[in-house]
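Chemist: Here you go, sequence then predicted model.
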Amino acid sequence: MAPIPKANKKRQAPTQAGPKAKKSHVEKEKPEKTEKKRSIPITKPTIIEPASDSDEEAWETEDGANGGSEVDEDQEVDDMEVDDEPTREKPAAPRDPNASREAHKVQRELYAQRRAAKPHSDLIADAKRLWSLARQKNVPSPQRQKHIGQLMDVLRGHVQDIIFKHDASRIVQTVVKYGKQKERDEIAAELKGKYRDLAQNRYSKFLVTKILRLCSSHRQSILLEFQGHVLRLLLHREATSVLADAYELYANTYERTILLRDFYGKEANLFGITKGTDEEKERAKKGLRGVLEGSDDERRRRLLNAVKENVITIFNNPDKGAITHAIVHRALWEYLHALEAVPDSAEQEKLRREIFETCQDVLAELVHTRDGSRVARHFLAYGTAKDRKQILKVFKPHTERMCLDDEAQLVLFTALDVTDDTKLTGKSIAAEITAVAPKLYTSPQGRRSILYLLLPRSSRHFIRAQINSLAETDEIRERTSKKDARLREEEVRKAASEPLVKWVEEKGASLIRDPGGSLVVVDIMLYADGDKSAAIQTLLKAVAQNYPSSTPEFPHPIDLPHTSRLYKTLLQGGHFSHTSKSVDRVDGGTWDSLQFALALADALTKDIALSMCTEGDANGAFVIAALCEELIREKETGSEETGKRVSEIKGKLKQWFTADTKRQVESGKAKGKKVLLENLAALGP
């Protein structure tokens, strides 16, 4: 046997035989639309997963990158026989170099025989060969469609026979993923009648989800196959995610009622409507309310009892994971909403109490969906002081995640609105939010959570739909809460003001450089209670720097549009309203814009003030104009000392902005030069 040459570890010299060859052009496919994702429970730990287009790609790593090496479960490896009797040591016999090769050859032949003995082995082998070509990521689209067509010719008529095998399921899933609508619909039609079994299979459940997403014309018939088995499928380890995706991501309003009807009990299923005329479908879209229409008291009681028992069954099996699904939250909300129509208030309260005691410890699992959030807010509004304390205890460990979720944060806001014990909400909610404010202000959801402590239901920060959603519990609050709403808001604001103002004092210089941070800072300064002198000094120190900045990577705060707008708003004493075309000045004595203007004039030097209006981008023109406007708008009720200070600052500004300086401003490129010159002229001679 010839000796094997040693590998040379030295790096080869680059060739000088001309320029490098260009890479072959590969036609890129158009990126697919991002697949919808279900809302994530706030109790679920945050796990960073690699981005993947589908679950099929995650499976591909199980059998190797090429997907061609399949390991049979009953594959055996012969072990060497070991003699237990003591023997004398003998010299080792020379090792046959071909023994290992021959053993592997026999092993491969045995494996091939076993694989060939399985049903449809030839079909799967042909399909795998084509599948390995069709699933490649960099293959051009025309070539991929050619392989998909050939693969479909092999699978046609045999999809039901092979779909429950883990490798064949991936092959069919690839056809659905990359094939045209004709191939998708053909596979969907061939699997008709098998979808309930497919949903319960570890591998084929992903195929069901893909067909639900991509084959809308077959969606209703697939969901009808689930009807009558929804509760059992929700508690099934594999099928529960299929139903959750179908309900939350792909089904329309009517198709959702097909899945929800199982919660209404056998009587509703027996006499219910799942297909028919448009009028019947519209009635079905009303959900439980539509089923109860025209029912007598006895039938209403039976239907409500059936819904309660089915919902309790789900909540009594928390390990199955169905508690977090939107379909369960919808059924629970429909039940609570239907209780409003029960004529006997004592019976109504009894039924509400029973369902509350069942799910009070797992309410944090519900708040991430729209209906789950409404359920939690319903319990808060109707609850006693003891109930509300228990609910807030459940939410407290998850406050940060709730603040960052669009639906969950509404539950915290409702808790602030309805809980009379503001010391409790101050410790359980306000203190928790202000403690994590540095993590929250970077997102719109987080900023809303911070600002609700100061400005509940402000149209500047909350859209009309959110305000209307929060207002759903106002009528209930009138009956269950004793404290005046305005007094409650003031007490919550006081509880949150001190830590928020302290935060601005410590981190204000960096916060105002962030667009989101500046939005939070300006409203903290305008509406928070307490002494803000230290925070004001932080903001003044940040702006009283040489202009323009000597480092382009770190511009002067005035050159940041959101930051200059912050100083202008603070000088105006409130936000500009586009509706009234005027400034909505802050009422209540939480902000003194005149004192801020005087402090800003003291902090600025002549060189800084003039350079803000004449050098660089001259973005300080609007700020100096707002300063002049505030000095002009001196209140007659002000003290004599304040009047002297205003006159002194006016004189200083007149000395700074001489006639030559005004001409320089007028000839410059400052956007606010017209307003600045008008306000300087209004200061007087």
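Modeler: In hand now; what should we look at?
Chemist: average pLDDT across stretch 621-639?
Modeler: On average, the pLDDT along stretch 621-639 is 80.
Chemist: May I see the buried residues of the helix or strand harbouring Leu627?
Modeler: Using DSSP states H and E, Leu627 sits within helix 621-632. Residues 621-631 are the ones in helix 621-632 that count as buried (16 or more other Cβ atoms under 10 Å). Where C-beta positions appear, they are placed from N, C-alpha and C, glycine not excepted.
Chemist: List just the nearest of these to Glu678.
Modeler: Ranked by distance to Glu678 (Cβ to Cβ), the buried residues of helix 621-632 are led by Ala625 at 7.9 Å.
Chemist: which residue packs closest to Glu225, ignoring adjacent ones?
Modeler: Excluding the flanking residues, the one nearest Glu225 by Cβ to Cβ, 6 or more residues apart in numbering is Tyr195, at 4.7 Å.
Chemist: Retrieve the pLDDT associated with the one you found.
Modeler: At Tyr195, the model reports a pLDDT of 96.
Chemist: Was I right to think it contacts His229?
Modeler: No. Taking contacts as Cβ atoms under 8 Å, Tyr195 lies outside contact range of His229: 10.6 Å.
Chemist: The two: which has the busier surroundings?
Modeler: Neighbours were counted for Tyr195 and for His229 using other Cβ atoms under 10 Å; Tyr195 has more, 23 against 16.
Chemist: so where do the strands sit in the chain?
Modeler: Using DSSP state E, the strands of the chain run over residues 574-577, 582-585.
Chemist: so what does the last one touch, helix or strand wise?
Modeler: Counting contacts by 3 or more Cβ pairs under 8 Å, 6 or more residues apart in numbering; DSSP states H and E, the secondary-structure elements packed against strand 582-585 are strand 574-577.
Chemist: Direction included, what does the strand it packs on pair against?
Modeler: Here strand 574-577 has these sheet partners by DSSP bridges: strand 582-585 (antiparallel).
Chemist: can you pull the buried residues of the strand it pairs with?
Modeler: The neighbour-count check on strand 582-585 (16+ other Cβ under 10 Å) flags Val583 as buried.
Chemist: Show residues contacting that strand.
Modeler: 572-577, 593 (Cβ atoms under 8 Å, 6 or more residues apart in numbering).
Chemist: repeat that for 10 Å
Modeler: 460, 526, 569, 572-577, 591, 593, 626, 629, 633 (Cβ atoms under 10 Å, 6 or more residues apart in numbering).
Chemist: Surely Lys494 and Ala528 touch.
Modeler: Yes. Between Lys494 and Ala528 there is a contact at 9.0 Å, judged by Cβ atoms under 10 Å.
Chemist: mean confidence for stretch 252-272?
Modeler: Rounded to a whole number, the mean pLDDT of stretch 252-272 is 86.
Chemist: Run the chain-centre distance for that stretch.
Modeler: Put simply, stretch 252-272 sits 29 Å off its chain's centre (Cα atoms, centre = their mean, to the nearest Å).
Chemist: Any buried residues in it, and which?
Modeler: Across stretch 252-272, burial judged by 16+ other Cβ under 10 Å covers 254-265, 268-269, 272.
Chemist: now stretch 188-202
Modeler: 188, 190-191, 194-201.
Chemist: For the residue nearest to Phe622 when sequence neighbours are not counted, give me phi and psi.
Modeler: Of all residues not flanking Phe622 in the chain, Gly672 sits nearest, at 3.9 Å (Cβ to Cβ, 6+ apart). When quoted as degrees, to the nearest 10, the phi and psi of Gly672 stand at phi -100, psi 20.
Chemist: ok, Gly672 - how many residues close by?
Modeler: Using other Cβ under 10 Å, Gly672 has 21 other residues around it.
Chemist: Return the residues in contact with it.
Modeler: By Cβ under 10 Å, 6+ apart, Gly672 lies in contact with 564, 568, 613, 618-626, 665, 679.
Chemist: Same question for Tyr527.
Modeler: 451, 453-455, 458, 493, 497, 500, 574, 586, 588, 590-591.
Chemist: What pLDDT does the model give it?
Modeler: 96.
Chemist: rewinding a little: take the contacts of Tyr527 and lay them out in JSON lines including distance to Asp406 and neighbour count.
Modeler: Formatted as JSON lines, these follow (distance: Cβ to Cβ, whole Å; neighbours: other Cβ atoms under 10 Å):
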{"residue": "Leu451", "distance to Asp406": "15", "neighbour count": "22"}
{"residue": "Leu453", "distance to Asp406": "18", "neighbour count": "29"}
{"residue": "Leu454", "distance to Asp406": "20", "neighbour count": "22"}
{"residue": "Leu455", "distance to Asp406": "18", "neighbour count": "18"}
{"residue": "Ser458", "distance to Asp406": "17", "neighbour count": "15"}
{"residue": "Arg493", "distance to Asp406": "23", "neighbour count": "21"}
{"residue": "Ser497", "distance to Asp406": "26", "neighbour count": "22"}
{"residue": "Leu500", "distance to Asp406": "22", "neighbour count": "28"}
{"residue": "Gly574", "distance to Asp406": "28", "neighbour count": "18"}
{"residue": "Val586", "distance to Asp406": "28", "neighbour count": "18"}
{"residue": "Gly588", "distance to Asp406": "30", "neighbour count": "9"}
{"residue": "Thr590", "distance to Asp406": "29", "neighbour count": "16"}
{"residue": "Trp591", "distance to Asp406": "30", "neighbour count": "18"}
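Chemist: and which of the residues you listed is nearest Val411?
Modeler: Nearest member of the contacts of Tyr527 to Val411, counting by Cβ to Cβ, is Leu453, at 15.0 Å.
Chemist: My guess is Ala381 contacts Arg352. True?
Modeler: No. Contact status for Ala381 versus Arg352: not in contact, 11.0 Å apart, counting by Cβ under 10 Å.
Chemist: who has more neighbours, these two?
Modeler: Ala381 (22 against 19).
Chemist: From Ile163, how far off is the residue nearest to Glu225?
Modeler: Distance from Tyr195 to Ile163, counting by Cβ to Cβ, to the nearest Å: 11 Å.
Chemist: what do those two both touch?
Modeler: 204, 207.
Chemist: Would you mind putting the strands of the chain into a markdown table with distance to Lys137 alongside?
Modeler: Shown next, in a markdown table, are the strands of the chain (distance: least, Cβ to Cβ, whole Å):
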| stretch | distance to Lys137 |
| --- | --- |
| strand 574-577 | 51 |
| strand 582-585 | 55 |
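Chemist: need the ones you listed in a markdown table with mean pLDDT and distance to Ser295, can you?
Modeler: Below are the strands of the chain laid out as a markdown table (pLDDT from 0 to 100; distance: least, Cβ to Cβ, whole Å):
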| stretch | mean pLDDT | distance to Ser295 |
| --- | --- | --- |
| strand 574-577 | 92 | 51 |
| strand 582-585 | 91 | 51 |
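Chemist: just so I know, which of those strands lies nearest Leu110?
Modeler: Closest to Leu110 of these, according to Cβ to Cβ: strand 574-577, at 79.6 Å.
Chemist: got a list of contacts for the closest one?
Modeler: Contacts of strand 574-577 (Cβ under 10 Å, 6+ apart): 458, 460, 522-523, 526-527, 565, 568-569, 582-587, 591, 593.
Chemist: out of Lys494 and Ala528, which sits in the more crowded spot?
Modeler: Set Lys494 next to Ala528 and count neighbours by other Cβ under 10 Å: Ala528 wins out with 22 against 16.
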